[in-house]
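Undergrad: sequence plus predicted model, see below.
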Amino acid sequence: MIRFLQNQTLVTLEETDPNTTVLNWLRETARRSGTKEGCASGDCGACTVALGRVEAGRMRYETANSCLLLVSQLNGKQLLTVEDLAHNGALHPVQQHFADNHASQCGFCTPGFVMSAFALQKSGAGSDRRTVEQHLGGNLCRCTGYRPIIEAAQRACALSEPDIFTQQEAQTVARLQALASHATDELAWRNRVLAPKTVDELASLCQRHPQARLLAGGTDLALAITQQHQTLPLMISLGEVAELRRIDIDDERVVIGAAASLNACRERLGDIIPAFSQLLERFASQPVRNQGTAGGNLANASPIGDIAPLLLALNATLILRCGETQRRLPLDDFFLGYRKTALQAGEFIEAIIIPLVTVSPLFAAWKVSKRHEDDISTVSAAFNIHIEEGVITAARLAFGGMAAVPARALNAEAALIGQPFTRESLDAAGRALSLDFQPLTDFRGSGAYRLAVAQNLLRRFYLQQTQPAALEVSYVY
């Protein structure tokens, strides 16, 4: 049984197919057609909704692509759609600013933009143009133009006007906490979605049901339903396992729970490993980052998964769990082949460990893609290079999009270690990249182009350290 709040209405689902997306439930069952279907793949933002959850006794609202969200993921949360914003016949301040600023034309994309602006306003993150663009990055407009939309969002967020959700916050918090306190220890919905509460329960379920698919953020798994028209017979949801969402930081290491969202990683690591957080700003879109998880991105084993090169360069280790047994595996040994990992039957990623002692203060990472926002990497690269008295003492270079798996450039690393930090040394490492990779050609770029890009990113690293003023462009497109 799934229980959540649709605005302030308690909804209980018992018979709904667990493979149902929130988008389809809204349009076909709840008859809330304000939420639109555009791409059914999380690329356009027309289906954006806001999810509310309790955090430190307050409501936190985040956007989600309802086409990539399964109904089981609503359990214990508050769901808001564009129909919920107006109150007593008056538009919500965000809606009013969109109307006043002529930020809608055909209206198809408008509900998604409004929900993204609403969540941004609630976050208090600010109203500067860069912040607004970042939060609207997953919403596409085909006819109005972005200037009035961005200006409407800026005006809405500049004045955080009280609304009905602020007035009802204490009530909403109490109702969601009551839902959580009355939840069963282990949710088994129609025997097709299992939702453990602890890591131990999760380990036991994975052992008993090694064929089950793990549902974390669902931003990739849901595509099997929406794009490949598969029916998933059994899922184990990680949404109730708070231990997997933790991010612990001390003087020696960072421990990232496998179900920590990418946005949570971006926020927590910003002061410790700035380049890590900066690259995550380029990862997909705000709604995807809100739901997508660090462990999920690794377990998918995509050759263009953006987080893998970062963690490979940072010498990360995985904590893997099978039943009561834990094992530690260097990320270097995790990817065995295209979409193939070292995970054994019934085993899952519990946490990711980054040893801070091996993180260079010069750590840098870049992503090259055709669009700045919401796009797949053509090439991504991360450079963890240590320099002492002008000599390179250690180097870990990792790339995505260059092979069937994210991988380190071992020949290029060997060409750097022990050499002076000069343009000639970096160029020699660039030539060694041709020994490390023979990239494939596809619609995102030819093999020759990918190799040239990888070599140029090495040159960029050199310029960043020696001639930072020469790098006038802040982002690589």
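TA: It's in.

Undergrad: find the least confident helix or strand in this protein, judged by mean pLDDT.
TA: strand 187-189 (a mean of 60; mean pLDDT, DSSP states H and E).

Undergrad: domain parsing of the chain, as residue ranges.
TA: 1-183, 242-358, 364-470 (automatic domain parsing).

Undergrad: report the central residue of the chain.
TA: Per Cα atoms, centre = their mean, the C-alpha nearest to the average position across the chain is that of R289, at 2.8 Å.

Undergrad: residues in contact with it?
TA: By Cβ atoms under 8 Å, 6 or more residues apart in numbering, R289 lies in contact with S261, L262, N263, R266, L280, F283. Bear in mind the C-beta positions are built from the backbone N, C-alpha and C, glycine included.

Undergrad: got the contact list for stretch 446-459?
TA: 366, 368, 378-379, 381, 383, 397, 399, 401-402, 409, 412, 423, 426-427, 429-431, 433-434, 437-441, 445, 476.

Undergrad: put the buried members of the residues you listed into a ChimeraX selection.
TA: Buried residues among these (16 or more other Cβ atoms under 10 Å), as a ChimeraX selection:
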select :366,368,378,379,381,383,397,399,401,402,409,412,426,429,430,433,437,439,445,476
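
Undergrad: still on that earlier bit, the following helix or strand past the least confident helix or strand of the chain packs against which elements?
TA: Following strand 187-189 in sequence order, the next helix or strand is strand 193-195 (DSSP states H and E). Applying 3 or more Cβ pairs under 8 Å, 6 or more residues apart in numbering; DSSP states H and E, one finds that strand 193-195 contacts strand 187-189, strand 235-237.

Undergrad: and strand 193-195, average pLDDT?
TA: Across strand 193-195, the average pLDDT comes to 92.

Undergrad: give me the sheet partners of it and which way each runs.
TA: Note on strand 193-195: by DSSP bridges, its sheet partners are strand 187-189 (antiparallel), strand 235-237 (parallel).

Undergrad: quick one: distance of that strand to the chain centre.
TA: Using Cα atoms, centre = their mean, to the nearest Å, the distance from the centre of strand 193-195 to the centre of the chain it belongs to is 22 Å.

Undergrad: which positions in the helix or strand following that strand come out as buried?
TA: Next along the chain after strand 193-195, taking DSSP H and E as the criterion, comes helix 199-208. Residues of helix 199-208 classed as buried: V199, E201, L202, A203, S204, L205, C206, Q207 (neighbour count, 16+ other Cβ under 10 Å).

Undergrad: want to throw those residues into a markdown table with pLDDT?
TA: A markdown table is the format used below for the buried residues of helix 199-208 (pLDDT from 0 to 100):
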| residue | pLDDT |
| --- | --- |
| V199 | 98 |
| E201 | 96 |
| L202 | 97 |
| A203 | 98 |
| S204 | 97 |
| L205 | 96 |
| C206 | 97 |
| Q207 | 97 |
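
Undergrad: any chance of these in JSON lines, with distance to R60 too?
TA: Formatted as JSON lines, the buried residues of helix 199-208 follow (distance: Cβ to Cβ, whole Å):
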{"residue": "V199", "distance to R60": "23"}
{"residue": "E201", "distance to R60": "25"}
{"residue": "L202", "distance to R60": "24"}
{"residue": "A203", "distance to R60": "28"}
{"residue": "S204", "distance to R60": "30"}
{"residue": "L205", "distance to R60": "28"}
{"residue": "C206", "distance to R60": "29"}
{"residue": "Q207", "distance to R60": "33"}
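
Undergrad: let me see the ranges of the strands in the stretch 151-300 of the chain.
TA: 187-189, 193-195, 213-215, 235-237, 247-249, 253-257 (DSSP state E, counting those that start in this stretch).

Undergrad: format those strands as a markdown table; extra columns: mean neighbour count and distance to A64.
TA: Below are those laid out as a markdown table (neighbours: other Cβ atoms under 10 Å; distance: least, Cβ to Cβ, whole Å):
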| stretch | mean neighbour count | distance to A64 |
| --- | --- | --- |
| strand 187-189 | 17 | 19 |
| strand 193-195 | 24 | 18 |
| strand 213-215 | 19 | 14 |
| strand 235-237 | 23 | 15 |
| strand 247-249 | 15 | 20 |
| strand 253-257 | 21 | 19 |
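
Undergrad: closest one to C39 among the ones you listed?
TA: strand 213-215 (20.9 Å; Cβ to Cβ).

Undergrad: so which residues make contact with the closest one?
TA: 70, 72-73, 193, 206, 221, 232, 234-239, 296, 299, 348.

Undergrad: from L179, how far off is the residue nearest to G57 when sequence neighbours are not counted?
TA: Nearest residue to G57, sequence neighbours excluded (Cβ to Cβ, 6 or more residues apart in numbering): V173, at 6.5 Å. With distances taken as Cβ to Cβ, to the nearest Å, V173 is found 11 Å from L179.

Undergrad: the closest residue in space to V199 that isn't next to it in sequence: what's it in contact with?
TA: In this structure, V199 finds its nearest non-sequential neighbour in E243, 4.9 Å apart by Cβ to Cβ, 6+ apart. Listed by Cβ under 8 Å, 6+ apart, the contact set of E243 reads T198, V199, G257.

Undergrad: turn the residues you listed into TSV, including distance to P274.
TA: Output for those, formatted as TSV (distance: Cβ to Cβ, whole Å):
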residue	distance to P274
T198	34
V199	30
G257	21
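
Undergrad: let me know the closest of the residues you listed to G126.
TA: Here the nearest of the contacts of E243 to G126, counting by Cβ to Cβ, is G257; it sits at 27.5 Å.

Undergrad: please name the spatially closest residue to R155 (chain neighbours excluded).
TA: H97 (4.8 Å).

Undergrad: three-state assignment of that neighbour?
TA: Following DSSP: H, G, I helix; E, B strand; the rest coil, we place H97 in the helix state.

Undergrad: surely D84 touches L5?
TA: No. D84 is beyond contact range of L5, at 10.1 Å (criterion: Cβ atoms under 8 Å).

Undergrad: so if I had to pick from those two, which one is more boxed in?
TA: Taking other Cβ atoms under 10 Å, D84 and L5 do not tie; D84 has more neighbours (22 against 19).

Undergrad: from F118, how far off is the more buried one?
TA: From D84 across to F118, the span is 10 Å (Cβ to Cβ).

Undergrad: how about L176?
TA: Distance of L176 to F118, given as Cβ to Cβ: 18 Å.

Undergrad: can you count the residues close to A260?
TA: A260 is flanked by 21 other residues according to other Cβ under 10 Å.

Undergrad: shaky segments in the stretch 51-200 of the chain?
TA: Counting by pLDDT under 70, the stretch 51-200 of the chain has low-confidence residues at 183-190.

Undergrad: and the helices in it?
TA: 93-100, 110-123, 129-135, 146-158, 164-167, 169-181, 199-208 (DSSP state H, counting those that start in this stretch).

Undergrad: swap in the stretch 351-477 of the chain?
TA: 410-416, 423-436, 447-466.
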